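K.L.:
How does the following fold in three dimensions:
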Amino acid sequence: MLLPRLVGISPQAALRLALAFSKKTPDQIEQEMGWSKSISARVFCSGNYFPAYKNIPKFCDVIGNNILILWLFKNRKYPAYDQLKPMDALALLQGMGSFLKEMGDVSCKAQEALKDWRISQEEARNIVKEVRDVIEVGCYVMSRLERVITIKE
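P.N.:
From the prediction side, this is the model:
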């Protein structure tokens, strides 16, 4: 699985990314984790709730990836998220432009691959790389927007 760099994205963005790469529904995750509905609702909402540290290894096993552990490891020396500026209108416009550019790149690679109705390994690798770029830009935009939500006025 190719992932974005994960450096500088918010904890919430890392959690959303981990859940997006999971092949399980929130109900399945809740059941396997043994969570109550209230805990599950807090984890799956867009707030600041995160699985307890002692539960992160089990959570990673349940969702089938270690994105949260990788995020913790890659951000251990970087207080980058706390230093992110909240997104303003110009940054949002630029971020959406970057996001749409990356989406266009994915579309071009996919369109090329579909010309013969077969997807070669090389074409698949190229599409995965472009999707990774979309995720990376999306996580960055989401992290900057989350700073708008969490910053104290």
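K.L.:
So which elements touch the longest helix belonging to the chain?
P.N.:
Ranked by number of residues, the top helix in the chain under DSSP state H is helix 121-150. Applying 3 or more Cβ pairs under 8 Å, 6 or more residues apart in numbering; DSSP states H and E, one finds that helix 121-150 makes contact with helix 11-21, helix 89-113. C-beta coordinates here come from the backbone N, C-alpha and C atoms, glycine included.
K.L.:
any idea which of these is most buried?
P.N.:
helix 11-21 (a mean of 20; mean count of other Cβ atoms under 10 Å).
K.L.:
for the record, mean pLDDT for that one?
P.N.:
Average pLDDT, helix 11-21: 86.
K.L.:
Flag every buried residue along the following helix or strand past that helix.
P.N.:
Counting by DSSP states H and E, the element after helix 11-21 in chain order, helix or strand, is helix 26-33. Neighbour counts over helix 26-33 (16 or more other Cβ atoms under 10 Å) mark 29-30, 33 as buried.
K.L.:
what's the following helix or strand past helix 26-33 in contact with?
P.N.:
Tracing the chain past helix 26-33, the next element assigned as helix or strand by DSSP H and E is helix 37-44. The contact list for helix 37-44 (Cβ atoms under 8 Å, 6 or more residues apart in numbering) reads 15, 19, 26, 29-30, 33, 35, 49-51.
K.L.:
does Asn75 really touch Arg5, like I thought?
P.N.:
No. In this structure, Asn75 is not within contact of Arg5 by Cβ atoms under 8 Å, at 10.1 Å.
K.L.:
Between the two, tell me which one has more neighbours.
P.N.:
Asn75 (18 against 12; other Cβ atoms under 10 Å).
K.L.:
measure that one to Leu6 for me?
P.N.:
7 Å (Cβ to Cβ, to the nearest Å).
K.L.:
residue contacts, the residue of the chain positioned farthest from its centre?
P.N.:
Of all residues in the chain, Asp116 has its C-alpha farthest from the mean position, at 31.9 Å, by Cα atoms, centre = their mean. Residues near Asp116 by Cβ under 8 Å, 6+ apart: none.
K.L.:
likewise Glu112?
P.N.:
Contacts of Glu112 (Cβ under 8 Å, 6+ apart): Glu123.
K.L.:
and the gap between it and Ala20?
P.N.:
Distance from Glu112 to Ala20, by Cβ to Cβ: 25 Å.
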